[in-house]
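Novice: Just to be clear, the model below is a prediction. Sequence and coordinates:
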Amino acid sequence: MTSGYQTKRRDLLLQWGALHTERAEWFSHWQEISQYLLPRSGRFFIQDRANAGGKKHGSIIDGSGTKALRTLAAGLMAGMTSPARPWFRLATTDTELMEVDSVQVWLDEVTDTMREIFSRSNTYRALHSMYEELGAFGTGTDIIVDDYEYVIHHHPLTAGQYVLACDDSGRVTTLIREYEMTASQMVDKFGIDNVSVTVKNLYENGSKHTWIPVMHSIVPRSMSERSYGKPGSRNMAWKSCYWEKNGPEDDVLRESGFRRFPALCPRWAVTGEDPYGSSPAMDALGDIKQLQAQQKRKGQAIDYMVRPPLQVPTAMKSSGVAMLPGGVSYVDGVGQNQGIRSAWDVKINLEHLREDIMDVRQRISSTFYQDLFLMLAQDDRSGITAREIAERHEEKLLMLGPVLERLHNEFLQPMIDNTFDRMIAVGLVPPPPREMAGQELKVEFVSML
């Protein structure tokens with residue numbers, strides 16, 4: 001450890017504190033969404049990891065909201081980035097150049113290699129997780145890192161684990177996350193000479209699986225910290241620092257860098273300069289909570305009808321009463337008004353409550369676009385024409401168009417750019433034809449949506 005790290009760590013802690021305060025306004029909203037929709041998602045306290053196996057679904061009586069969210073995530077996955085069919089291709093901005101055979105062959109080869117990387121790595125598992133986070137919390141976050149075996153590896157995060165900040169253009173350029181690592185994991189990743197004395201003692205004393213809070217920040221490197229033309233990870237555009245949250249004051253576990261921002265931080269919808277997005281779950285949360293209350297009341301009403309409170313003569317208190325079906329009770333002096341009867345004389349009509357529940361479910365389904373994604377699957381008519389199918393896909397695009405545009409710009413395009421950079425670094429991109437010299441590449445999305 002060198003004392004030169006002290007100021008850097010102090011600056012990072014100050015930045016974490018400021019962004020943590022800014023995030024506080026979103027925090028309670030995310031917690032409520034997690035409570036009623038995705039109890040296993042969201043990490044709002046450090047002990048959430050330790051209690052990950054505890055029962056958390058107590059607030060969910062009717063799971064219609066969770067099912068609608070999962071339909072949305074699955075629909076986006078199948079419609080935008082299905083692993084079963086091509087969903088993107090590389091092209092050039094020069095349309096005439098696309099007619100040259102050598103250029104087309106090179107573009108197809110690079111595209112196929114990238115698709116193979118996505119298939120072999122954990123890309124598609126991460127994509128589905130991101131779509132679910134977007135639908136629930138309005139913001140998805142995923143860090144792409146180099147991987148020796150699969151070229152790239154994704155680390156999808158969940159709400160509560162990170163803070164974000166944007167530049168003056170509204171693009172997310174800063175990410176700081178809080179998570180936990182075991183002492184063994186820290187020694188493997190950073191080396192035993194770089195961890196704190198506390199972690200070193202845990203490792204050497206056999207407590208290798210003790211969890212330690214760790215911070216990881218990815219922030220733009222200031223102009224004063226860079227020397228243009230000088231190689232090395234500490235001179236790259238983004239600075240990456242790991243440090244122990246409760247470690248010594250001068251403790252920075254590792255400082256490195258990235259040429260390109262490695263975090264994918266798409267947002268469902270953004271207002272103004274907000275670093276976090278709003279989501280369908282935020283719009284549907286009132287309906288989801290109403291549905292839970294209605295289902296609870298319906299259950300109580302059914303209980304009143306099936307097992308109503310009874311009025312029993314006091315003479316039967318000591319003799320005992322057989323309450324099971326077919327039971328027989330022997331008592332004396334049972335007259336017209338002395339028998340067991342229900343104390344609940346109001347006839348409960350559940351029809352209106354059922355109709356309102358169906359109405360609330362429909363509102364939730366519509367908010368999550370469930371009806372759009374399922375309209376083909378639920379249509380059992382025969383003879384549907386290709387034109388009708390195409391028009392229905394156009395309807396989806398009309399409803400989701402702004403969201404898809406944002407996901408292209410903030411999610412899929414940066415993911416392909418990061419993967420392409422990594423492919424070049426490991427030598428998986430063949431030499432381009434001479435006609436490609438000085439040409440700019442672009443990504444064309446060709447998915448169902």
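Specialist: Sure, I can see it.
Novice: quick one: Glu180 is in a helix?
Specialist: No. Per DSSP: H, G, I helix; E, B strand; the rest coil, Glu180 lies outside any helix segment and is strand.
Novice: Leaving out chain neighbours, which residue sits closest to it?
Specialist: The shortest distance from Glu180 to any non-neighbouring residue, by CB to CB, 6 or more residues apart in numbering, is to Trp211 (4.4 Å). The way it works is simple: take the backbone N, C-alpha and C, and place the C-beta from them, glycine included.
Novice: and the one you found, how many neighbours does it have?
Specialist: If you count neighbours by other CB atoms under 10 Å, Trp211 ends up with 15.
Novice: With Pro156 instead?
Specialist: Look at Pro156: counted by other CB under 10 Å, it has 19 neighbours.
Novice: With Glu109 instead?
Specialist: Number of residues near Glu109 (other CB under 10 Å) recorded here: 13.
Novice: do the one 3 residues further on as well
Specialist: By other CB under 10 Å, the residues close to Asp112 number 13.
Novice: Kindly export the helix or strand harbouring it (C-alpha atoms) in PDB.
Specialist: Per DSSP states H and E: Asp112 is located in helix 101-120. What follows is helix 101-120 as a C-alpha-only set of coordinates in PDB (Å, rounded to 0.1, in the frame of the first residue of the first chain):
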ATOM      1  CA  ASP A 101     -18.500  -9.100 -51.900                       C
ATOM      2  CA  SER A 102     -15.300  -8.900 -49.800                       C
ATOM      3  CA  VAL A 103     -16.900  -6.400 -47.500                       C
ATOM      4  CA  GLN A 104     -20.000  -8.400 -47.100                       C
ATOM      5  CA  VAL A 105     -18.100 -11.600 -46.400                       C
ATOM      6  CA  TRP A 106     -16.000  -9.800 -43.700                       C
ATOM      7  CA  LEU A 107     -19.000  -8.200 -42.000                       C
ATOM      8  CA  ASP A 108     -20.800 -11.600 -42.000                       C
ATOM      9  CA  GLU A 109     -17.800 -13.300 -40.500                       C
ATOM     10  CA  VAL A 110     -17.400 -10.800 -37.700                       C
ATOM     11  CA  THR A 111     -21.100 -10.800 -37.000                       C
ATOM     12  CA  ASP A 112     -21.100 -14.600 -36.800                       C
ATOM     13  CA  THR A 113     -18.100 -14.600 -34.400                       C
ATOM     14  CA  MET A 114     -19.800 -12.100 -32.200                       C
ATOM     15  CA  ARG A 115     -23.000 -14.200 -32.100                       C
ATOM     16  CA  GLU A 116     -21.000 -17.200 -31.100                       C
ATOM     17  CA  ILE A 117     -19.400 -15.300 -28.300                       C
ATOM     18  CA  PHE A 118     -22.800 -14.200 -27.000                       C
ATOM     19  CA  SER A 119     -24.100 -17.800 -27.200                       C
ATOM     20  CA  ARG A 120     -21.100 -19.300 -25.300                       C
END
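Novice: buried set for it?
Specialist: Val103, Trp106, Leu107, Val110, Thr111, Thr113, Met114, Arg115, Ile117, Phe118 (16 or more other CB atoms under 10 Å).
Novice: again with stretch 32-41
Specialist: Buried residues in stretch 32-41 (16+ other CB under 10 Å): Glu32, Ile33, Ser34, Gln35, Tyr36, Leu37, Leu38, Pro39, Ser41.
Novice: Now do the end-to-end distance for that stretch.
Specialist: Taking CA to CA, to the nearest Å, stretch 32-41 runs 11 Å from one end to the other.
Novice: If I look at the nearest residue to Pro430 once chain neighbours are set aside, what pLDDT would I see?
Specialist: Of all residues not flanking Pro430 in the chain, Glu109 sits nearest, at 6.2 Å (CB to CB, 6+ apart). On pLDDT, Glu109 comes in at 95.
Novice: Quick check: Glu109 touching Leu428?
Specialist: No. Contact criterion CB atoms under 8 Å: Glu109 and Leu428 do not qualify, at 10.1 Å.
Novice: TSV for the buried residues of helix 101-120, including distance to Asp356?
Specialist: Output for those, formatted as TSV (distance: CB to CB, whole Å):
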residue	distance to Asp356
Val103	61
Trp106	60
Leu107	55
Val110	55
Thr111	51
Thr113	54
Met114	50
Arg115	48
Ile117	50
Phe118	45
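Novice: which pair in those spans the largest distance?
Specialist: Val103 and Phe118 (22.8 Å; CB to CB).
Novice: buried residues in the helix or strand hosting Val443?
Specialist: In this assignment (DSSP H and E), Val443 forms part of strand 441-445. Buried residues in strand 441-445, counted by 16+ other CB under 10 Å: Val443, Phe445.
Novice: do stretch 204-219 as well
Specialist: Neighbour counts using 16+ other CB under 10 Å place Lys208, Thr210, Ile212, Val214, Met215, His216, Ser217, Ile218, Val219 of stretch 204-219 among the buried residues.
Novice: Sort out which of the residues you listed are in strands and list them.
Specialist: Ile212, Val214, Met215, His216, Ser217, Ile218, Val219 (DSSP state E).
Novice: Where is the longest helix in this protein?
Specialist: As assigned by DSSP state H, the longest helix anywhere in the chain is helix 5-36.
Novice: how would you label Gly79: helix, strand or coil?
Specialist: helix.
Novice: can you list the weak-confidence ranges in the stretch 51-200 of the chain?
Specialist: 51-54 (pLDDT under 70).
Novice: Could you pull out the strands in it for me?
Specialist: For the stretch 51-200 of the chain, strands defined by DSSP state E, counting those that start in this stretch occupy the ranges 88-92, 141-147, 151-157, 162-166, 172-182.
Novice: could I get these as JSON lines with distance to Gln295?
Specialist: Shown next, in JSON lines, are the strands of the stretch 51-200 of the chain (distance: least, CB to CB, whole Å):
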{"stretch": "strand 88-92", "distance to Gln295": "42"}
{"stretch": "strand 141-147", "distance to Gln295": "33"}
{"stretch": "strand 151-157", "distance to Gln295": "32"}
{"stretch": "strand 162-166", "distance to Gln295": "34"}
{"stretch": "strand 172-182", "distance to Gln295": "36"}
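Novice: so which of the ones you listed gets nearest Met436?
Specialist: With distances scored as CB to CB, the stretch of the strands of the stretch 51-200 of the chain nearest to Met436 is strand 88-92 (7.3 Å).
Novice: buried sites along that closest one?
Specialist: By 16+ other CB under 10 Å, the buried positions in strand 88-92 come out as Phe88, Arg89, Leu90, Ala91, Thr92.
Novice: still on that earlier bit, how near is the residue nearest to Pro430 to Ile117?
Specialist: Glu109 sits at a distance of 13 Å from Ile117 (criterion: CB to CB, to the nearest Å).
Novice: name the helices or strands packed onto the strand holding Val443?
Specialist: strand 88-92, helix 413-425 (3 or more CB pairs under 8 Å, 6 or more residues apart in numbering; DSSP states H and E).
Novice: Could you report the separation of the residue nearest the centre of the chain from Lys442?
Specialist: Residue closest to the mean C-alpha point of the chain, counted by CA atoms, centre = their mean, is Glu133 at 2.2 Å. Here the distance between Glu133 and Lys442 works out to 27 Å (CB to CB).
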